[in-house]
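Asks: coordinates only, sequence not included:
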């Protein structure tokens, strides 16, 4: 699976949009971009995934560049409960290649 | 819908002792995973089961770690004997991944984890 690069940490203000970047320059055509987050003392939580089109759900939006070498997770109105480590993961779908390879993630601190 | 259940939540043992963790996945989920998360790092996959068969155990230290998933539902992960470097959170996750039909979900749902401290 392709490696990803994320900033180590970032702060954002409560109520503002949080934009979390991720670089995945070696992504291949059959690999998806997944985002998970891990709140302190909890297991990781699935947020969103995409292949090449932008995606939106009730938690966040995912913007993938046209060349698919980078993406941005957007939390539209960050709350204090969004403070967590956010992991960007690239992986193939399908039973054989379905494992998640976590990097260090981005530690996001939402400040009042 | 009930989530992934794990027990115990915390365990403290001395090195060279043995320990076992239990996981009950979400009902109907065919695939079960065990991850190890050392403090300050992302989770690392130890073993993946599809029903009751092992799909990937390439990163499982087989000299001391073992895992089983009898009847394709619950799973146990055992460490014997434990070392200091085994101190970590052990996370269990499951995903739907039906092999047939139209329902295939690859999203993994994680339990709260078991925090192991080896002294």
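Replies: All right, it came through fine. What you are looking at is a predicted structure, and each value in this text was computed from that prediction instead of being measured.
Asks: excluding its backbone neighbours, what's nearest residue B:32?
Replies: Spatial nearest neighbour of residue B:32, excluding adjacent residues (Cβ to Cβ, 6 or more residues apart in numbering or on different chains): residue B:49 at 4.6 Å. Bear in mind the C-beta positions are built from the backbone N, C-alpha and C, glycine included.
Asks: is it true that the one you found touches residue B:56?
Replies: No. Residue B:49 lies out of contact with residue B:56 (Cβ atoms under 8 Å); the separation is 9.1 Å.
Asks: ok so, going back, what's the following helix or strand after the one helix or strand the residue nearest to residue B:32 maps to?
Replies: Using DSSP states H and E, residue B:49 falls within strand B:44-50. Moving toward the C-terminus from strand B:44-50, the next helix or strand (DSSP H and E) is strand B:53-56.
Asks: Now do the next helix or strand after that next one: which elements does it pack against?
Replies: Going down the chain from strand B:53-56, the next helix or strand is strand B:65-68, by DSSP H and E. Where contact means 3 or more Cβ pairs under 8 Å, 6 or more residues apart in numbering or on different chains; DSSP states H and E, strand B:65-68 is packed against strand B:44-50, strand B:75-79.
Asks: tell me which residues of strand B:65-68 are tucked away?
Replies: B:65, B:66, B:67 (16 or more other Cβ atoms under 10 Å in any protein chain shown).
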